[in-house]
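Visitor: 3D, please:
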Amino acid sequence: MLLDRKDGKGSAPDIVLGGRVPGSIEARLEEIAGKQAMVISSTPSPHKGALTEQDGHKIAAAVQKAVQLELPIVLLLSTSGASIHDGIASLHGWGASAAAIASASGVVPIIAGLYGPAVSGPALLLGLADIVITTPDSFAFVSGPDMVRSFTGVDVNATDLGGSYSLATRSGVSFLEAADLEEILEQIEEILALLPRSTNQLPPYVPTDDPIARACPALEEVIPASATGSYDVREVISEIADDGYFLELRAGWAPQLVVGLARIGGNTVGILANQPRVLAGTLDIAAAQKGGRFVRFCDAFNIPLITLEDTPGFLPGKDIEWRGMIRHGAEMAFAYAACGVPRICLIMRKAYGGAYIVMDSKGMGSDVVFAWPKAEIAVMGAQGAAQILMRRSTPDERKAYEEEYQERYLTPYVAAERGFVDDVIEPVRTREAVAQALEMLLSKKERIRNAKHANSPM
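Guide: Sure thing, here's the model as predicted:
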């Protein structure tokens with residue numbers, strides 16, 4: 001593919017790949033957030049951005065060049081799908097572009113922005129991206145309203161089926177929402193400022209005036225007195241992050257788990273936290289998928305992980321078990337077990353059963369585990385234990401057992417004595433402890449497993 005130059009708006013001209021090849025796709029090198037990136041954009045015309053065979057091959061060539069140069073990929077989409085005029089050849093071109101993007105996954109960051117439609121096969125390109133940003137007037141689906149109506153009899157419009165809100169809250173395709181294309185580009189710049197150019201580099205270090213040893217007195221009161229009281233885990237995140245900055249991703253999907261990017265001591269970190277305000281922070285299928293994918297993303301791009309734990313366990317129910325809670329719950333365990341970046345876990349309150357294990361426990365390979373003094377680390381809570389072990393006892397005997405269980409087992413010091421918790425820290429020292437542990441772990445080296453690839457439980 002020939003490289004053509006054209007004058008850009010900045011001081012340095014953009015470099016356009018295959019600028020004279022007809023079609024709705026343009027690929028060019030641009031500087032974003034201080035680093036070069038491969039920007040691949042579709043235009044709504046001709047034929048509403050339908051992708052021809054040449055478009056597919058142009059995308060593939062641009063992606064391959066980005067991998068060769070170790071540059072992030074920015075994919076801006078507005079397409080009605082594969083071109084009918086090109087017939088089967090357009091599907092072949094789309095297949096080539098999908099294969100190229102899949103091969104780039106985990107090698108360079110792939111950020112997609114959707115500012116119009118993405119229909120049929122090309123919509124799957126969004127699923128291959130690391131982060132997807134959508135506008136209110138965008139929509140994406142594999143099978144459109146007419147197909148849904150003819151096969152199921154359900155009358156649905158494009159917005160309800162695959163509009164930005166549905167993508168953000170129902171399917172989890174959309175990570176962030178933007179007002180328009182201009183805001184998409186602003187958000188992409190914010191994201192790329194936190195990421196390395198490729199898997200072979202570290203995220204950029206940004207000096208901060210926020211002291212590492214800054215006390216966090218607000219965290220002394222964040223946990224409610226009631227064992228069942230809720231709080232917003234984002235308050236904890238803002239206390240420990242540099243200048244309170246946190247870029248939350250997929251906020252509308254599986255909101256009982258909060259994931260996003262921040263900085264601590266100037267270093268980019270990924271934060272994954274249970275959200276007690278929603279379903280008490282329990283893990284279900286969507287939450288496990290959300291967490292597992294985020295852990296793998298951070299692992300791919302050398303982003304240290306901070307896990308904030310407060311969960312009573314997995315969400316129980318017949319329907320959720322039939323839909324594959326075992327398989328999907330294993331996704332998160334698998335992602336953590338295979339993760340080679342620095343990992344720090346903070347147990348804030350509840351850490352029960354299998355959910356305690358998959359939320360980056362020592363058993364899963366976490367490097368450093370902290371706990372607050374009132375953390376409860378056990379197979380189950382006092383009430384559940386009493387119901388099983390004291391089921392034939394009187395209510396008074398059961399209540400006495402609950403109190404004894406609470407005092408003897410629901411404490412972080414038992415876990416600390418056995419090496420499952422490295423240190424029990426006061427909440428006010430949380431930022432300092434996490435920052436110091438992170439600084440110690442930044443030189444951690446990953447051990448590459450001796451296998452072609454693992455068979456993950458996706």
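Visitor: would you mind identifying the next helix or strand past the helix or strand residue 413 falls within?
Guide: Using DSSP states H and E, residue 413 falls within helix 412-417. Following helix 412-417 in sequence order, the next helix or strand is strand 423-424 (DSSP H and E).
Visitor: helices and strands around the helix or strand just after that following strand, which ones?
Guide: Next helix or strand after strand 423-424 toward the C-terminus (DSSP H and E): helix 430-441. The contact analysis (3 or more Cβ pairs under 8 Å, 6 or more residues apart in numbering; DSSP states H and E) places helix 430-441 against helix 233-240, strand 257-264, strand 343-352, strand 368-371. Placement of C-beta: from N, CA and C, glycine included.
Visitor: and helix 430-441, how far out from the chain's middle?
Guide: Here helix 430-441 is found 22 Å from its chain centre; the criterion is Cα atoms, centre = their mean, to the nearest Å.
Visitor: and it, which residues are buried?
Guide: Neighbour-count burial for helix 430-441, with 16 or more other Cβ atoms under 10 Å as criterion, is recorded at 430-435, 437-438.
Visitor: quick one, domains of the protein?
Guide: Listed by automatic domain parsing, the domain ranges of the chain are 3-192, 217-375+411-441.
Visitor: would you list these in a markdown table and tack on distance to residue 211 and mean pLDDT?
Guide: A markdown table is the format used below for those (distance: least, Cβ to Cβ, whole Å; pLDDT from 0 to 100):
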| stretch | distance to residue 211 | mean pLDDT |
| --- | --- | --- |
| domain 3-192 | 24 | 86 |
| domain 217-375+411-441 | 9 | 95 |
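Visitor: in JSON lines, list those domains along with distance to residue 399.
Guide: Converted to JSON lines, these look like this (distance: least, Cβ to Cβ, whole Å):
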{"stretch": "domain 3-192", "distance to residue 399": "42"}
{"stretch": "domain 217-375+411-441", "distance to residue 399": "15"}
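Visitor: one step back: for the helices and strands packed on helix 430-441, which one sits closest to residue 187?
Guide: strand 257-264 (12.0 Å; Cβ to Cβ).
Visitor: tell me the contacts of residue 231?
Guide: 222-224, 276-277 (Cβ atoms under 8 Å, 6 or more residues apart in numbering).
Visitor: any residues touching whichever strand or helix holds residue 293, and which ones?
Guide: Per DSSP H and E: residue 293 is located in helix 285-300. Under the contact criterion Cβ under 8 Å, 6+ apart, helix 285-300 has outside partners 105-106, 130, 172, 199, 249-250, 253-254, 256-257, 259, 270, 272, 283, 303-305, 320, 323-325, 328-329, 331-332, 334-336, 338-341, 358.
Visitor: helix/strand/coil for residue 136?
Guide: For residue 136, the assignment made with DSSP: H, G, I helix; E, B strand; the rest coil gives coil.
Visitor: pretty sure it contacts residue 164?
Guide: Yes. Assessed by Cβ atoms under 8 Å, residue 136 is found in contact with residue 164 at 5.3 Å.
Visitor: so between the two, which is more surrounded?
Guide: With neighbours defined as other Cβ atoms under 10 Å, residue 136 and residue 164 compare such that residue 164 has more, 23 against 14.
Visitor: measure that one to residue 457 for me?
Guide: Note on residue 164: its distance to residue 457, by Cβ to Cβ, to the nearest Å, is 30 Å.
Visitor: one step back: send me the helix holding residue 413 as PDB with only the CA atoms.
Guide: In PDB, the C-alpha atoms belonging to helix 412-417 read as follows (Å, rounded to 0.1, in the frame of the first residue of the first chain):
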ATOM      1  CA  PRO A 412      -8.600 -10.100  58.900                       C
ATOM      2  CA  TYR A 413      -6.100 -11.100  61.600                       C
ATOM      3  CA  VAL A 414      -6.800 -14.800  61.200                       C
ATOM      4  CA  ALA A 415      -6.000 -14.500  57.500                       C
ATOM      5  CA  ALA A 416      -2.900 -12.400  58.300                       C
ATOM      6  CA  GLU A 417      -1.600 -15.000  60.700                       C
END
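Visitor: count the residues that sit near residue 335.
Guide: 25.
Visitor: so what's it up against?
Guide: 291-293, 295-296, 299, 456.
Visitor: and it, how far from residue 168?
Guide: In terms of Cβ to Cβ, residue 335 sits 22 Å off from residue 168.
Visitor: do residue 81 as well
Guide: 22 Å.
Visitor: same question, residue 148
Guide: With the distance defined as Cβ to Cβ, residue 148 ends up 20 Å from residue 168.
Visitor: cool, and residue 259?
Guide: Residue 259 is 14 Å from residue 168, where distance means Cβ to Cβ.
Visitor: the more surrounded of those two?
Guide: Neighbours per residue (other Cβ under 10 Å) separate residue 259 from residue 168, with residue 259 holding more: 23 against 20.
Visitor: so residue 156, which of the three states?
Guide: Applying three-state DSSP: residue 156 is coil.
Visitor: that one - how many residues pack around it?
Guide: Neighbour tally, residue 156, other Cβ under 10 Å: 15.
Visitor: list the contacts of it.
Guide: Residue 156 neighbours (Cβ under 8 Å, 6+ apart): 145, 148-149.
Visitor: follow-up on the earlier one: now, which of the contacts of residue 231 lie within strands?
Guide: Residues of the contacts of residue 231 located in strands (DSSP state E): none.
Visitor: CSV for those, including distance to residue 38 and neighbour count?
Guide: Shown next, in CSV, are the contacts of residue 231 (distance: Cβ to Cβ, whole Å; neighbours: other Cβ atoms under 10 Å):
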residue, distance to residue 38, neighbour count
222, 43, 17
223, 46, 19
224, 48, 12
276, 41, 24
277, 39, 15
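Visitor: who wins for proximity to residue 123 among the helices and strands packed on helix 430-441?
Guide: Residue 123 sits nearest to strand 257-264 of all these, at 23.1 Å, using Cβ to Cβ.
Visitor: list of residues touching the closest one?
Guide: Outside strand 257-264, the residues touching it (Cβ under 8 Å, 6+ apart) are 191, 194, 206, 208, 233-234, 237, 240-242, 245-251, 268-275, 281, 283, 287, 290-291, 294, 303, 306, 431, 434-435, 438.
Visitor: that strand vs helix 233-240, what angle?
Guide: 10 degrees (axes from the mean of the first three to the mean of the last three Cα atoms, to 10 degrees).
Visitor: okay, strand 257-264 in PDB with CA atoms only?
Guide: Provided in PDB are the C-alpha atoms of strand 257-264 (Å, rounded to 0.1, in the frame of the first residue of the first chain):
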ATOM      1  CA  LEU A 257     -18.500  -4.000  39.600                       C
ATOM      2  CA  VAL A 258     -16.600  -0.700  38.900                       C
ATOM      3  CA  VAL A 259     -13.600  -0.700  36.500                       C
ATOM      4  CA  GLY A 260     -11.500   2.000  35.100                       C
ATOM      5  CA  LEU A 261      -8.200   3.800  34.800                       C
ATOM      6  CA  ALA A 262      -6.500   6.200  37.300                       C
ATOM      7  CA  ARG A 263      -3.000   7.200  38.400                       C
ATOM      8  CA  ILE A 264      -1.200   6.500  41.700                       C
END
